[in-house]
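Engineer: sequence and predicted structure are below.
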Amino acid sequence: MAELPKKTIVVTRFDPDKDEAPRQQRYEIPVEPDWKVLDALNYIKDNVDPTLSHRWSCRMAVCGSCGMNVDGDAKLTCKDALSDYGDVVEVAPLANFPVIRDLVVEIEAFMEKFQKVKPFILRAKELAVEAGPTHQSPAELDDYRQFSMCINCMLCYAACPVVSNEPDFLGPAAIALGHRYNLDTRDEGQRERHAVFRDDGGIFSCSFANECSRVCPKHVDPAGAIQQAKLQNVIDWVTRLLPGGGGER
Amino acid sequence: MVDVVRHDVVIVGGGGAGLRAAIAAVEADPTLSVALVSKVYPMRSHTVSAEGGAAAVPPDAKDDSLEKHAYDTVKGSDFLGDQDVIQYFVQEAPNELTRLEHWGCPWSRNADGTVATRPFGGMQTPRTWFATDKVGFHMLHTLFQHSLRFDRIVRYDEQFVTKLLVDGGRCRGVVALDVRSGQVRAVLGRAVLLATGGAGKVWPFTTNGNIKTGDGMSLAYREGVALKDMEFVQYHPTGLPGTGILITEASRGEGGYLVNSEGERFLVSRDYGVGTKAELGPRDMISRAIIQEIEAGRGISLPGKLGQYVHLDLRHLGKAKLEARLPFVLELSRTYAGVDPVTQPIPIRPVLHYMMGGVDANIDGATPLPGLYAIGEAACFSLNGANRLGSNSLTELLVFGARAALHAMRFAKGSAAGSETALLEQAKAEGARLDGLRGRKRGGETVAGVRHALNLAMEAGTGVYREQASMQQAVSEVAAIKQRYEQVSLADDSKVFNTELTAMLELGNLIDVAEAVALAAVSRKESRGAHACRDFPKRNDGEYLHHSLVHFGEAGPRFSTKPVTLGTWLPEERKY
């Protein structure tokens, strides 16, 4: 078999027990033509340096574990072809997140934002199982389906210019998810979520840079969700002020 | 120092089964506190990768019945499924999928707004509910998001359970390693549920993600609970060569063809026992048919490392249908195989997918160890017998996740907390053991090297077709690999996110599972369901209509059997 071509993978390393600051480590490795960036990291882990830490699991672009910055851009590394890069490829932890170690970032703040948008069906009265499934037309499903495809990979937070300046910003994925439930015909929680959206760090912080939708590996279009949510929010706010609208909260 | 936390019920694993169990427990008793301990954030769990659908007789079905679903499952199991378990399963299945609908699962719809269903392998009627072809993803995210309503579900994310705490003959908690900090934590409770999934990473070519390492199976096995029916591992007919990425059975449910190198639909033109079901035969039979086609020289190959395969042809379904019904198949084929199913056939070959076997548990999920329960792919009730029907397992997570949670909850409420002294001693000792592993210097073995050897041994011994000699070989190789594992040295001595340490612990779990699979396989001298022996090509109900049990022993594993629960249906020839 012909010898495989080589690439140099420059990985940002950081172990808080040992390093004062992140450092870069270079690994020159043979690469298969069909490899994704993740395959290169797994090769390094198994054959060159077992101390490298990164998260991954499904390697089919659905579990959302392996988001990283590759040559400066947020990528899902199991979906990102290594052949799209040059002979030297820089792999760093996702931007805009604190680093736990090497390529592993701290996502607890994201999990709190996620919880904040009440990402579940809210109803005044819950349905009984005996009532059977509710009806939802294919068109009603299509209204929110795209926004239900988020795999929580957090590439959109790494790419978002607002998140980098305003860490408390709810952010693209959380807003898209809240909006997904607002659009669901089975849900009655719109007003609660609009209140969350209106708060500081909510949807009106978004400057519509569209970076989130550009990097999204699942074409969720969070930027589109945020624009829709802004419009709905204004309508909600206005109707609140009308007689019988419930007033401002 | 070992950290100690206390809850009523401790659930290990945050996938579909674990989440459903957690929700069921806190809904049933608002005073309960539930710990959900998972080595990954719940939305990363492997349920996320399931694609095709979840089976249940739709509430308004005209041409379907619970009895038909039960019969299909019994026949699919090659009569090894326990029929009391199957009856309960089909009866609760529609309720559970309806609940998920109420919780927001974006099920695909018919034009009239009712939930749509599609045909699936081995099922007589279209009863597989779906959300395009990302059903596991949508179910997992719906369950996880719904679980956020309950603050009594206390999550311990990225905490790797390394040991069960057992005292006075009862399981009363777990020891977990906090991967992020290296902190060791005793999570005490009065009942423990294992919901840790299967162990596909025993094999090199698998649809399973990196986290599927049989952790719960090993935890139970090490405490004396047997692993049941481990010889039955499912090869899914359609994985992408090279990566093993799953191409869903729904692609055949929607009308796809399997085609050999001569352009022939071999499941139609040749007798592989699937009759008129053709591509919608059960998975064990279709996988064997593909291997036989390849062995007969009608496989396809390209230069390179991919080996032989056949084609899954979806072109006649048309772009619109593929985009509406199978968008993930399009994405996966384009991204990972470089083919566009709209215009090209997809190369596929059988790939290790699912374990019918697991921790020995009864219909309530209860194991023989009081206080210990098992659910999902980690468990064996046995619903799936010798061969699982596609789309039964997602429903299984819900039906038995909920049922086992209620039983575990009742057990917890009926048992005293008891003295913690012995438990904390055990936790301390486990903490010391884990501390001793980081950066340990032994022989020249590495985690990756030993795992590779295990993968090769199990692929050679326990493939789609097996032979006594190769299975025996696997038994002895696994025993040797166990010795090599003791000589693994670790380079990483850090406490923070030490994935070399967790990979080593996972490898130990994989070896335990492999040991049980190999022994159970060599002990079954017949062919049944997914266990196809070349030396014993026929099913032998006289001698082998029983479940296999493998028990852990310091000197090596021990084998025993237990009877199958029959019911309405007695074993008959399995022909479609």
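Structural biologist: Alright, I've got the coordinates.
Engineer: for the rest of this, base every contact and every neighbour count on C-alpha atoms.
Structural biologist: OK.
Engineer: gap between A:Val104 and B:Ser251?
Structural biologist: According to C-alpha to C-alpha, to the nearest Å, A:Val104 and B:Ser251 sit 36 Å apart.
Engineer: domain map for the chain?
Structural biologist: This is for chain A. A:6-105, A:108-241 (automatic domain parsing).
Engineer: wrong one, I was asking about chain B
Structural biologist: If you go by automatic domain parsing, chain B breaks into B:2-232+B:354-403, B:237-350, B:438-553.
Engineer: just these: most buried one?
Structural biologist: Greatest average neighbour count among the domains of chain B goes to domain B:2-232+B:354-403 (a mean of 24), per mean count of other C-alpha atoms under 10 Å in any protein chain shown.
Engineer: tell me where the stretch 401-550 of chain B has strands.
Structural biologist: B:465-466, B:532-533, B:546-551 (DSSP state E, counting those that start in this stretch).
Engineer: residue contacts, the residue nearest to B:Gly122 when sequence neighbours are not counted?
Structural biologist: Nearest residue to B:Gly122, sequence neighbours excluded (C-alpha to C-alpha, 6 or more residues apart in numbering or on different chains): B:Pro282, at 4.7 Å. B:Pro282 makes contacts with B:Gly76, B:Gly121, B:Gly122, B:Val274, B:Leu389, B:Gly390, as judged by C-alpha atoms under 8 Å, 6 or more residues apart in numbering or on different chains.
Engineer: in CSV: the strands of the stretch 401-550 of chain B, plus mean pLDDT.
Structural biologist: Shown next, in CSV, are those (pLDDT from 0 to 100):
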stretch, mean pLDDT
strand B:465-466, 98
strand B:532-533, 98
strand B:546-551, 98
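Engineer: coming back round to it: ok, the contacts of B:Pro282 vs A:Tyr144, which is closest?
Structural biologist: Nearest to A:Tyr144 out of these is B:Gly390 (C-alpha to C-alpha; 27.9 Å).
Engineer: roughly how far does whichever residue of the stretch 451-576 of chain B sits closest to chain A sit from A:Ser65?
Structural biologist: Of all residues in the stretch 451-576 of chain B, B:Asp492 sits closest to chain A, at 5.1 Å by C-alpha to the nearest C-alpha. For B:Asp492, the distance to A:Ser65 (C-alpha to C-alpha) stands at 22 Å.
Engineer: let me know whether the one helix or strand A:Arg191 maps to sits next to chain B.
Structural biologist: Following DSSP states H and E, one finds A:Arg191 within helix A:190-198. No - for a cut-off given as C-alpha under 8 Å from any C-alpha of the partner chain, helix A:190-198 has no contacts with chain B; the smallest distance is 13.9 Å.
Engineer: contacts for that helix, please.
Structural biologist: A:116-118, A:175, A:178, A:181-182, A:202-204, A:233, A:236, A:249.
Engineer: ok, 6 Å please
Structural biologist: Outside helix A:190-198, the residues within contact range by C-alpha atoms under 6 Å, 6 or more residues apart in numbering or on different chains are A:Val117, A:Asn182, A:Ile203, A:Asn233.
Engineer: nearest to chain B, of the residues you listed?
Structural biologist: A:Val117 (10.5 Å).
Engineer: what's the closest non-adjacent residue to that closest one?
Structural biologist: Computed as C-alpha to C-alpha, 6+ apart, the closest residue to A:Val117 that is not its neighbour in sequence is A:Gly178, at 5.1 Å.
Engineer: next: B:Pro94.
Structural biologist: Spatial nearest neighbour of B:Pro94, excluding adjacent residues (C-alpha to C-alpha, 6+ apart): B:Ala56 at 5.0 Å.
Engineer: who touches that neighbour in this structure?
Structural biologist: B:Ala93, B:Pro94, B:Arg127.
Engineer: from A:Tyr157, how far off is the closest residue to chain A within the stretch 51-200 of chain B?
Structural biologist: At 4.1 Å from chain A, B:Gly113 is the closest residue in the stretch 51-200 of chain B, using C-alpha to the nearest C-alpha. As judged by C-alpha to C-alpha, B:Gly113 and A:Tyr157 stand 35 Å apart.
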